[in-house]
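Participant: sequence and computational prediction follow.
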Number of protein chains: 2
Amino acid sequence: MARKKNYEDNDVIEKATELFWRNGYENTSMSLLESTMGINKFSIYSSFGSKQGVFLQSLRCYRNKLSPVVIKLKHSNNGRAAIKQYFYDCLATYTDAICSKGCLMSNTRTELSGHVNGETNAEILNEIDSFVQYQKQLFIDKLIFDGEDTISATKKANYLIIAKQAISGASKVHSLHEINDFIDITFSSI
Amino acid sequence: MARKKNYEDNDVIEKATELFWRNGYENTSMSLLESTMGINKFSIYSSFGSKQGVFLQSLRCYRNKLSPVVIKLKHSNNGRAAIKQYFYDCLATYTDAICSKGCLMSNTRTELSGHVNGETNAEILNEIDSFVQYQKQLFIDKLIFDGEDTISATKKANYLIIAKQAISGASKVHSLHEINDFIDITFSSI
DNA sequence: CTTATTTCTAACCATTCGTTTAGAAATAAG
DNA sequence: CTTATTTCTAAACGAATGGTTAGAAATAAG
């Protein structure tokens, strides 16, 4: 018995995700969110509570975008080769027509870690950490699948987690040629 | 024929450097600079012109802090081993009593690249790029010293530049144990 | 001591930030 | 049509941002 919303939460979060991805968390203002999402502040706050609320939804939207690539890795029938392909698949998602935006989760982790207001952003960082941990376990499984023992698989997974984060950062600064050099040598050593 | 300043530029820049290093560029406000540098805004602006001016001086201060480690690499009598030692030396500078701050230049590059106001920060990014380029050439020289040919030395230098940036980022998020795994495997492949 | 010049303090500037709110517009239920 | 409820517009909130400025305090030169 009231007026109806004239927008879908999923639609506007999709646009917010793209914006956060391109600009980062702090550098995305509520006014910019207003114009990009196409709804005004009242609607944003009544639907998502706060800027952080919008961002948390955007993080989930980003995980959905990524999930086909993750599932492809999970269901693959080889180890190292599948992980290397996963690196290339992720790199492809980082880059759009205009420029490379890196990985939203890696970007956010480097942006927010080290900020003093740790309590405020704890929920965001937990969400990201859980994905990183999931990814690491996937790497371990695949390396064990390739015949590695648990100890060396874990050590190599630590290496790969950091290498993958490096690709996100490097994609925004270095040429594709340099990044391909990086991926090549990364997988020549494990 | 006038009053004398009661502070040394070098002294206050030293404090500003520490602050920028810990907090990042955007997250360091002029008020915070005031209290940390121990002089007020008027003095800051009359000595350094702008917030960006303070930061540029801080970048040079940071390069000075780093220079013994760089010189040690430059004058070393071996190749790969010296680069690996350089990685450990740099990692040591990233960490103080409280926490790991990463590399000020890497931090700044990831913070400012991707921001739309590219023109404003161009001077800062140029300063950083020049150091990265210098570092890359040093890596190439050391690899050639170790008997590598120019082409493969360049490819491996691309790899090392990205790996070193990764260490800066990882030092703020990952455990020392994970980072040691990363450095170990990084140098096992080149 | 007087004067010219510089550094200091402290208040102030416009702008932007994330967030809130009063009231108009819309709509389903009675 | 009336009424209760929700969504909308648009203005405003206090706090914080980078940057400026008027005038007092200090000091070297004459």
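Facilitator: Structure received. Residues are numbered from 1 along each chain as shown, chains lettered A, B, ... in the order given.

Participant: what packs against the lowest-mean-pLDDT helix or strand in chain A?
Facilitator: Within chain A, no helix or strand scores below helix A:118-145, which has a mean of 91 by mean pLDDT, DSSP states H and E. Judged by 3 or more CB pairs under 8 Å, 6 or more residues apart in numbering or on different chains; DSSP states H and E, helix A:118-145 is in contact with helix A:51-74, helix A:80-94, helix A:104-112, helix A:150-171. For glycine as for every other residue, the C-beta is placed from the backbone atoms N, C-alpha and C.

Participant: dump those helices into a markdown table; add distance to B:Thr154 as well.
Facilitator: A markdown table is the format used below for the helices and strands packed on helix A:118-145 (distance: least, CB to CB, whole Å):
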| stretch | distance to B:Thr154 |
| --- | --- |
| helix A:51-74 | 31 |
| helix A:80-94 | 21 |
| helix A:104-112 | 26 |
| helix A:150-171 | 16 |
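
Participant: to DNA strand D, which of these lies closest?
Facilitator: Checking the helices and strands packed on helix A:118-145 against DNA strand D by CB to the nearest atom of the strand gives helix A:51-74 as the closest, at 12.3 Å.

Participant: mind listing what's buried along the closest one?
Facilitator: Buried positions in helix A:51-74, judged by neighbour count with 16 or more other CB atoms under 10 Å in any protein chain shown: A:51, A:54-59, A:61-63, A:66, A:69-70, A:73.

Participant: now for the residue in chain A that DNA strand D sits nearest to: which residues touch it?
Facilitator: Residue of chain A nearest DNA strand D, by CB to the nearest atom of the strand: A:Ala2 (2.7 Å). Going by CB atoms under 8 Å, 6 or more residues apart in numbering or on different chains, A:Ala2 touches no other residue.

Participant: residues from chain A in reach of DNA strand D?
Facilitator: A:1-7, A:39-43, A:46 (CB under 7 Å from any atom of the strand).

Participant: okay, among those residues, which ones form the most distant pair?
Facilitator: The most widely separated members of the residues of chain A next to DNA strand D, counting by CB to CB, are A:Met1 and A:Lys41 (25.5 Å).

Participant: now the residue nearest to the spatial centre of chain A, nearest residue through space, not along the chain?
Facilitator: When chain A is reduced to its mean C-alpha position, the nearest residue by CA atoms, centre = their mean turns out to be A:Met105, at 3.5 Å. Leaving aside its sequence neighbours, A:Met105 sits nearest to A:Ile128 (CB to CB, 6 or more residues apart in numbering or on different chains; 4.7 Å).

Participant: what about the one you found, neighbour count?
Facilitator: Burial of A:Ile128 is recorded as 22 neighbouring residues (other CB atoms under 10 Å in any protein chain shown).

Participant: list the residues that contact it.
Facilitator: A:Leu59, A:Met105, A:Thr108, A:Arg109.

Participant: list the contacts for the spatially closest residue to the first one that is not a sequence neighbour?
Facilitator: What sits nearest to A:Leu59 in space, not counting adjacent residues and going by CB to CB, 6+ apart, is A:Glu127, at 5.4 Å. For A:Glu127, the contacting residues are A:Leu56, A:Leu59, A:Arg60, taking CB under 8 Å, 6+ apart as the criterion.

Participant: any buried residues in the least confident helix or strand of chain A, and which?
Facilitator: Within helix A:118-145, the residues that count as buried by 16+ other CB under 10 Å are A:121, A:124-125, A:127-128, A:131-132, A:135-136, A:138-140, A:142-144.

Participant: one more: stretch A:29-45?
Facilitator: Those would be A:Leu33, A:Thr36, A:Met37, A:Ile39, A:Ser43, A:Ile44, for stretch A:29-45 by 16+ other CB under 10 Å.

Participant: so the third one sits right up against A:Ala16, yeah?
Facilitator: Yes: counting by CB atoms under 8 Å, A:Ala16 is a contact partner of A:Met37 at 5.5 Å.

Participant: perfect, I'm done here.
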